[in-house]
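Student: can you look at this prediction? I've put the sequence above it.
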Amino acid sequence: MVHNGEFAIADVKRVLRKHWWVILACAVSCGTLSVLVATELPKKYTSQTLLLVAKPTVPADSVKPVVTEDLNQRLASMKEQILSRTGLEPVIGKLELYHAERGKLPMEDLIERLRRAIEISPLEATPGTQDRSIPGFSVRVTFDNPRSAQQICTEITSMFMEQNARALEQQAVRTALFLGQQLGEAKAKLDEQEAKLAQFKHKYTGSLPEQSQANLSLLATLNSQLEANTQALRQARQDKASNESLLGQKEASLKSSKRAGNPETLAEQLRVQQDQLATLESRYTAEHPEVIKVKKQITELSKRMQEANTDKPPAGSQAGLASAQIQQLRAKLRQDEIKIADLTKLQAQIQDQLRLLQQRMETSPIVEQQLKELTGNYQSALDFYNDLLKKQQNSATAKDLAHQQQGEQLRVVDPPNFPMKPSGPKIPYFVGGGLGGGIALGVAILYFLMVMDQTLHTEKDVEIYLKLPVLTSLPVLKIPSGRSENQRHLKRSVVAGY
């Protein structure tokens, strides 16, 4: 007897010992029923194929792939596109699937049924390799007709290969177009930076950093030229002053001789030269050219005086000689003036060049900083342009490879097979499920029998049922064989009442 839903192991053993055949009967019945159901269900046939990802025939070091999308993502994208309404509806129309259900069910339901019949499973990457991308995937199509299953599997496989090739080529084309636009913009920026750099160099010619050494050399040269020109100008001015003084003396001497009516004597010339020598020696040293020149003239006059003592020339010849000397001195003065003017002009030009050169050297640090910035911008634009140009060339090559199907492609390892045996329903699974369900049903029935059992089997059952304590109990008496069943299993309880 089960009280409040509680039962002991003895109750379970008693029920099993008495009704064990219930579980067996339920298991056999349910197993048989599941077999019958499995045989009555429509047969399903599975066609499958295996596709592997073939690496590009050209090494990646030679031509970098333009498709950077992970194969897992690309497979998921292709799977969504192929299993969409746009992808599966043409397959249903082409292979004339669900011909009987077309007028009864909407196209969305038929597409959903076909979508459930297609199973796409990626292969696991080879353990121990650094490449974590999937090596390929399998396509399984389960249908109620083996020929249709094979045809659907073939169509899905072809769609995957075409979609992959088209995706690679379109990606290469889009990349090439994008890089072409970027290259045009980069070329315009590069030309702009190059024009700015050329204009800057033209504007600050002479102040550029690479011209600093030449500026220093030119500065030293100009300083030397200025010093030499200054000395030459000083010498020219001294020569002019000396010639002007000598000319004045000559002209004064000539005038005095003309007023007296006598030619200039050598003694007077000698006296004038001696006075001029005294004046020059007070200014210059004995090695000065003018001092040496006057001394030479004094020596010549002394010789001529000695000759004049023996043979005195006429007065007219002396006046002519003095006039010729005056003409020579005037010619020298004109030459000196021209020379001084040229030297002064040259000195001004050298000084202008020096000022310009010093101005360039003073602005050179600022120019260098600005030039460095412009050069950096130009170099960055040039590097970016060269990088884009290299990528565009690589993209064009990758596009040709994709068009020629020499890049990453899908290769069919096992073509879709024609299923000879049905893949479902699986009778062992049905039998196992039927047996398990039958056993569970039998256990439920036994539990129900235990709950419904109201017979007394133990002292506790007696106490609970009679609500009286048990004073004693008699053991089971084993009656010898030959007696009745009740006599062989006799047990009596003695109860005390109040």
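Tutor: Alright, I've got the coordinates. Numbering: from 1, shown residues only.
Student: list the contacts of residue 239.
Tutor: 290, 332, 336 (Cβ atoms under 8 Å, 6 or more residues apart in numbering). In this view, the C-beta of every residue, glycine as well, is placed from N, C-alpha and C.
Student: residue 271 too?
Tutor: So residue 271 contacts nothing (Cβ under 8 Å, 6+ apart).
Student: one step back: quick check: of the contacts of residue 239, which has the highest neighbour count?
Tutor: residue 290 (22 neighbours; other Cβ atoms under 10 Å).
Student: host element of that one?
Tutor: For residue 290, the host element (DSSP states H and E) is helix 289-310.
Student: before we move on, what about residue 26?
Tutor: helix 9-40.
Student: now do residue 205
Tutor: Counting by DSSP H and E, residue 205 is part of no helix or strand.
Student: relative to residue 214, how far out is it?
Tutor: Residue 205 sits 11 Å away from residue 214, taking Cβ to Cβ, to the nearest Å as the criterion.
Student: please apply the same query to residue 54.
Tutor: 63 Å.
Student: over to residue 145: give its phi and psi.
Tutor: phi -130, psi 130 (degrees, to the nearest 10).
Student: mind listing the helices for the protein?
Tutor: For the chain, the helices defined by DSSP state H cover 9-40, 71-82, 85-95, 107-117, 146-203, 212-260, 266-283, 289-310, 315-403, 427-452, 459-466, 485-488.
Student: nearest to residue 47, of these?
Tutor: helix 146-203 (4.1 Å; Cβ to Cβ).
Student: what is that closest one packed up against?
Tutor: In terms of contacts (3 or more Cβ pairs under 8 Å, 6 or more residues apart in numbering; DSSP states H and E), helix 146-203 is packed against strand 45-54, helix 71-82, helix 85-95, strand 136-143, helix 315-403, strand 409-414.
Student: please name the residues that touch residue 278.
Tutor: Contacts for residue 278 (Cβ under 8 Å, 6+ apart) come out as none.
Student: again, only this time at 10 Å
Tutor: Taking Cβ atoms under 10 Å, 6 or more residues apart in numbering, we find residue 278 in contact with residue 294.
Student: export the helices and strands packed on helix 146-203 as TSV, with columns for mean pLDDT and distance to residue 171.
Tutor: As requested, the helices and strands packed on helix 146-203 are exported to TSV (pLDDT from 0 to 100; distance: least, Cβ to Cβ, whole Å):
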stretch	mean pLDDT	distance to residue 171
strand 45-54	87	16
helix 71-82	82	9
helix 85-95	90	19
strand 136-143	90	20
helix 315-403	80	8
strand 409-414	82	14
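Student: quick one: which of those is nearest residue 154?
Tutor: strand 45-54 (7.9 Å).
Student: mind listing what's buried in the helix holding residue 26?
Tutor: Neighbour counts over helix 9-40 (16 or more other Cβ atoms under 10 Å) mark 11, 14, 15, 22, 23, 26, 27, 30, 31, 34, 38 as buried.
Student: and stretch 287-306, by the same measure?
Tutor: 288, 290, 291, 293, 294, 295, 297, 298, 301.
Student: quick one: which two of the residues you listed are the most distant?
Tutor: 288 and 301 (19.7 Å).
Student: any stretches of the stretch 51-200 of the chain with poor pLDDT?
Tutor: 55-71, 126-133 (pLDDT under 70).
Student: list the contacts for the residue sitting nearest the centre point of the chain?
Tutor: In the chain, the C-alpha nearest the mean C-alpha coordinate belongs to residue 387, at 9.3 Å (Cα atoms, centre = their mean). Listed by Cβ under 10 Å, 6+ apart, the contact set of residue 387 reads 182, 183, 186.
Student: just to revisit the earlier point, and the helices of the chain: which comes nearest residue 412?
Tutor: helix 146-203 (6.3 Å).
Student: number of nearby residues for the closest residue to residue 42 other than its chain neighbours?
Tutor: Excluding its sequence neighbours, the residue lying closest to residue 42 (Cβ to Cβ, 6 or more residues apart in numbering) is residue 144, at 5.3 Å. Residue 144: 14 surrounding residues under other Cβ under 10 Å.
Student: contacting residues around residue 144?
Tutor: Counting by Cβ under 10 Å, 6+ apart, residue 144 has contacts 42, 43, 44, 45, 98, 117, 422, 424.
Student: next one: residue 295
Tutor: So residue 295 contacts 273, 274, 277, 280, 281, 286 (Cβ under 10 Å, 6+ apart).
Student: as CSV, those with neighbour count, distance to residue 248 and pLDDT would be great.
Tutor: Listed next are those as CSV, based on neighbours: other Cβ atoms under 10 Å; distance: Cβ to Cβ, whole Å; pLDDT from 0 to 100:
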residue, neighbour count, distance to residue 248, pLDDT
273, 21, 14, 77
274, 14, 16, 79
277, 17, 16, 79
280, 21, 14, 78
281, 15, 19, 77
286, 9, 24, 77
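Student: which of these sits closest to residue 225?
Tutor: The nearest one, if we look at the contacts of residue 295 relative to residue 225 and count by Cβ to Cβ, is residue 280, at 29.0 Å.
Student: for that closest one, give me its contacts.
Tutor: Contact analysis of residue 280 by Cβ under 10 Å, 6+ apart lists 238, 242, 245, 286, 288, 290, 291, 292, 293, 294, 295.
Student: ok, for the fourth one, nearest residue in space, not its chain neighbours?
Tutor: This points to residue 286. residue 292 (7.8 Å).
Student: contacts for stretch 345-363?
Tutor: Residues contacting stretch 345-363 (Cβ under 10 Å, 6+ apart): 204-208, 211-212, 215-216, 218-219, 221-230, 232-233, 367, 370.
Student: still on that earlier bit, closest one to residue 438 among the helices and strands packed on helix 146-203?
Tutor: That would be strand 136-143 among those, by Cβ to Cβ, at 28.3 Å.
Student: can you list the buried residues in the closest one?
Tutor: 136, 137, 138, 139, 140, 141, 142, 143.
Student: can you put those residues in TSV and add distance to residue 50?
Tutor: Shown next, in TSV, are the buried residues of strand 136-143 (distance: Cβ to Cβ, whole Å):
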residue	distance to residue 50
136	7
137	8
138	5
139	8
140	10
141	13
142	16
143	19
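Student: domain parsing for this structure?
Tutor: 210-389, 456-498 (automatic domain parsing).
Student: the residue nearest to residue 286 reaches residue 281, doesn't it?
Tutor: No: using Cβ atoms under 10 Å, residue 292 makes no contact with residue 281, being 11.1 Å away.
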